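Asks: return atomic coordinates for the entry below.
(one chain, ligands or ions: 2)
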Amino acid sequence: TLHIARPEKGKTLADFQNIYNSIAEKMKSESAYDDGTGYGPVLVRLSWHSSATYDKNDNSGGSYGGTFRFKKEASDVLSKGLENATKFLDPIHSEYPWLSHGDLYTLGGVTALQELGGPKTPWRPGRVDTGPETVPAHGRLPIPEGNASYVRNYYDRFGFNDQEVVALLGAHILGKTHLKNSGYDGPWDDDTNIFSNEFFGNLLERKWTLEKNAASNMQYNAKGGIMMLPTDYALVQDPKYLKYVKKYADDQDAFFSDFRDIYVKLLERGISFDDSIEPLVFKTLKEQLK
Ligand code: HEM
Ligand SMILES: Nc1c(Br)cnc2ccccc12
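Replies: Ligands and ions are numbered 1, 2, ... in the order given. Presented below is the predicted three-dimensional model:
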């Protein structure tokens, strides 16, 4: 499968900054969502799930075709909860019907990441919607029960190495598990809507206890209302992953730049962008205050 980027005709940075601002303003006005967590984390998760179907073996899946808009893809039980994110973005698409869904879902994640204090993340337009026949079969999303070799093997399908996998999973500092979505529990009383390297400090410094939760799934719990999935905890069980967990726990700047790089790589995986397409870097709302 070939995915050639074709940027929307005659659109400039200012046009895309307008969309960024519409999403960011809507995040601000609907900040009560999910007990005050806001829409940021679930928008980041949507950008990940819309890219997570990628397979390097035939260059299929990935963010290009915007196929998450089809129920056939969005109905994957492992994507439960993401209907909140697509419902949030529907009015944005109505306001800017010229924007492809692939560009919308990835721009939504970049906007959320920056508005939650994450790194400035270059973004390129040009994903082109493809039809329902291009929706990849279910089974390409990761399961939370996996161990380190499961995680390593899973991301091998993207061609991501150990350093990239650890950096990418640092996104789990954002948001929460919801028992009704994934069968993984909270309770959450930490700030889950500020991007930082604390996911790694939590892994190394907290005392983790493996417990069966209310849905009979095993999860790692710590005092002070945070948890880890088995796939999260795998990062400290595996010595090769552990090396990067320590690096990122000690060095927030290194985490921010490595996360930015692998997040861009994820959102663009499988797409051929012409070098003439300048990556766009958006201003946050705060940076635009008159
Ligand atoms: C081994 C790979 C991964 C697994 C098994 C996994 C699994 C999960 C699960 C079970 C949830 C809870 C969903 C819910 O109950 O609402 C979740 C939430 C989340 N995931 Fe992941 N994830 C993985 C990788 C990623 C990546 C690569 C990113 C982003 C780069 C990401 C971003 C998020 C975010 C931001 C949330 C919070 C969503 C919310 O608060 O509504 N995840 N993930
Ligand atoms: N905030 C999280 C932490 Br802290 C650890 N793991 C997660 C997995 C999914 C969603 C959120 C989290």
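Asks: tell me the contacts of the residue lying closest to residue 91 once chain neighbours are set aside?
Replies: Spatial nearest neighbour of residue 91, chain neighbours left out: residue 26 (7.7 Å); criterion: CB to CB, 6 or more residues apart in numbering. From N, CA and C alone the C-beta is placed, and that goes for glycine too. For residue 26, the contacting residues are 39, 88, 91, 92, by CB atoms under 8 Å, 6 or more residues apart in numbering.
Asks: extract the C-alpha set from the helix or strand residue 26 falls within and format it as PDB.
Replies: Using DSSP states H and E, residue 26 sits within helix 13-29. Provided in PDB are the C-alpha atoms of helix 13-29 (Å, rounded to 0.1, in the frame of the first residue of the first chain):
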ATOM      1  CA  LEU A  13       0.000  27.500   8.600                       C
ATOM      2  CA  ALA A  14      -2.700  30.100   9.500                       C
ATOM      3  CA  ASP A  15      -5.500  27.800   8.300                       C
ATOM      4  CA  PHE A  16      -4.200  24.900  10.400                       C
ATOM      5  CA  GLN A  17      -3.500  27.200  13.400                       C
ATOM      6  CA  ASN A  18      -7.200  28.200  13.200                       C
ATOM      7  CA  ILE A  19      -8.200  24.500  13.600                       C
ATOM      8  CA  TYR A  20      -5.600  24.100  16.400                       C
ATOM      9  CA  ASN A  21      -7.300  27.000  18.200                       C
ATOM     10  CA  SER A  22     -10.800  25.700  17.600                       C
ATOM     11  CA  ILE A  23      -9.800  22.400  19.200                       C
ATOM     12  CA  ALA A  24      -7.900  24.100  22.100                       C
ATOM     13  CA  GLU A  25     -10.700  26.500  22.800                       C
ATOM     14  CA  LYS A  26     -13.200  23.600  22.900                       C
ATOM     15  CA  MET A  27     -10.900  21.700  25.300                       C
ATOM     16  CA  LYS A  28     -10.900  24.800  27.500                       C
ATOM     17  CA  SER A  29     -14.700  25.200  27.400                       C
END
